[in-house]
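>>> Quick one, fold the following:
(one chain, ligands or ions: 1)
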Amino acid sequence: MTSNPSVTGAPVGVRPAVRAVPAYPFTPIQVPIKLDQNENPYDFPAELKAKAAERMLAQPWNRYPDLHADTLAARIAKYEDWDADGVVVTPGSNVLIKLLTELAGIEQTVLTVDPTFSVYTLEAKMLGARLVQVPLNEDFSMPVDRLKIELQRQRPGVLYITQPHAPTGHVDDLAAVRELLEAAGEWVVVLDEAYYQYSGTDCRDLVRQYPNALSLRTFSKAWGLAGLRAGYALAGADLATQLQKLVPAFNVSILIQSALEVALENPGYVQERVAEAVAERGRVLAALEDHPTCQAMPSRANFFLLRTPDAEVAYRHLIDHGIVTRRQDRLTGLEGCLRVGIGTPAENDALIEAVRALK
Ligand code: PMP
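Numbering: from 1, shown residues only. A predicted model of the protein is given here:
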């Protein structure tokens, strides 16, 4: 018997573009109050979980699911008032970002703003696309004129816009989004609407009007199903058909499909939770308004940016108070900033107290 030989040396087949990027930067921190991933602080309602489990048990687990989750896509289409042939479902919208970059980024240019959601840039770099980022305006609004210039100059395969923006929570007028869709011509524009339920606005009607536009949505935030992993795209039939080709066959498990069917049949809980998060967001921002050294930035998502004199000190201080947030100084270059999720009212009380105690 030989023991496992230890493997040394780096395989040369790995593409340099993959080797050059760091792994997705995330370290789980075990503290009581988790405000670092913009999750819903509430679990999927227990009675719906039980129904979902029942439905999972009624499925044959030895058989593959629908090739492209067609039944589920049809139900999402009904919920969204969309054509079923314009819906693409995957295990998480992160997967769709990878696939969209494959679809329209490889050997072309990926255009986005800076700071932006890190997955767009990570995927662009790993897939060897050319990446161009335009700085956001000072007030976090979209640099529409600069983006229009870059759309002309670069002819990017895909432009990523996040509405509400992550990590700032800023929402731009739909008129600004429309201007970009016009300027992009036939090039793909992804409108990532992971947090739209918290913003009071959405881009669905615009996507209907532009065959190059696509809305990216997720069950991870307002629906409180981040652990399940499910996201979808709404697009015109041609864009959806081309994107669907890139989704691996049988990608959405029967477990995800069963749970989502139950969620879509009982969507009432979402609205209640969103209303609470929006009210809590207002309460937290108002409570921190007169802080002597920290600035809680206005937001229309389920998180906000907290600008502090020193991100490291503030992050450690909050951890000491049992609260984990996400550092933005390292991640996106927003000096002194932490991204803070909206939690339950009791968690938000603890946050307010801890931030008030920060010098
Ligand atoms: N887009 C944005 C802007 C996000 O913040 C996130 C989650 N962090 C995602 C997409 C991905 O969501 P998921 O993969 O959970 O659907």
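
>>> where does the chain come near the ligand, residue by residue?
Listed as neighbours of the ligand in the chain under the rule CB under 6 Å from any ligand atom: 38, 92-94, 117, 162, 166, 192, 194, 218, 220, 226, 231. No exception for glycine: its C-beta is placed from N, CA and C like everyone else's.

>>> which residues in the stretch 1-150 of the chain form strands?
Along the stretch 1-150 of the chain, the stretches classed as strands by DSSP state E, counting those that start in this stretch are 33-34, 87-90, 109-114, 130-135.

>>> okay, the angle between the last one and strand 109-114?
Following axes from the mean of the first three to the mean of the last three CA atoms, to 10 degrees, one obtains 20 degrees for the angle between strand 130-135 and strand 109-114.

>>> in strand 130-135, what's buried?
130-134 (16 or more other CB atoms under 10 Å).

>>> can I get the residues you listed in JSON lines with distance to residue 7 and pLDDT?
Supplementary listing: these in JSON lines, determined by distance: CB to CB, whole Å; pLDDT from 0 to 100:
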{"residue": "130", "distance to residue 7": "34", "pLDDT": "97"}
{"residue": "131", "distance to residue 7": "32", "pLDDT": "98"}
{"residue": "132", "distance to residue 7": "38", "pLDDT": "98"}
{"residue": "133", "distance to residue 7": "37", "pLDDT": "98"}
{"residue": "134", "distance to residue 7": "43", "pLDDT": "98"}
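
>>> List just the nearest of those to the ligand.
For these, the residue nearest the ligand by CB to the nearest ligand atom is residue 133; the value is 15.2 Å.

>>> The nearest residue to residue 343 once chain neighbours are set aside and residue 348: what is the separation?
Among residues not flanking residue 343 along the chain, residue 41 sits closest, at 4.5 Å (CB to CB, 6 or more residues apart in numbering). Using CB to CB, to the nearest Å, one gets 9 Å for the distance from residue 41 to residue 348.

>>> quick one: common contacting residues for those two?
residue 342 (CB atoms under 8 Å, 6 or more residues apart in numbering).

>>> contacting residues for residue 123?
Counting by CB under 8 Å, 6+ apart, residue 123 has contacts 97-98, 101, 105.

>>> For those residues, which entry has the maximal number of neighbours?
Most neighbours among these, by other CB atoms under 10 Å: residue 101, with 29 neighbours.

>>> From residue 125, how far out is that one?
10 Å.

>>> Could you find the closest non-adjacent residue to residue 101?
residue 123 (4.3 Å).

>>> brain fart, residue 315
Nearest to residue 315 is residue 327, by CB to CB, 6+ apart, at 5.4 Å.

>>> ok, now which ones touch residue 93?
Taking CB under 8 Å, 6+ apart as the test, what residue 93 contacts is 192, 194, 216-218, 220, 231-233.

>>> Geometrically speaking, which residue is the centre of the chain?
In the chain, the residue lying closest to the centroid (CA atoms, centre = their mean) is residue 194, at 4.7 Å.

>>> Do I have it right that it meets residue 218?
Yes. If you go by CB atoms under 8 Å, residue 194 and residue 218 touch, sitting 4.9 Å apart.

>>> follow-up on the earlier one: would you format the contacts of residue 123 as JSON lines with pLDDT included?
Putting the contacts of residue 123 into JSON lines (pLDDT from 0 to 100) gives the following:
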{"residue": "97", "pLDDT": "98"}
{"residue": "98", "pLDDT": "98"}
{"residue": "101", "pLDDT": "98"}
{"residue": "105", "pLDDT": "94"}
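
>>> just checking, which of those residues belong to helices?
Counting by DSSP state H, those place 97-98, 101 in helices.

>>> Go through the residues you listed and name the one nearest the ligand.
Among the ones in helices among the contacts of residue 123, and counting by CB to the nearest ligand atom, the member closest to the ligand is residue 97, at 6.6 Å.

>>> Can you check the pLDDT for the nearest residue to that closest one once chain neighbours are set aside?
Nearest residue to residue 97 in three dimensions, chain neighbours excluded: residue 119, at 5.1 Å (CB to CB, 6+ apart). On pLDDT, residue 119 comes in at 96.
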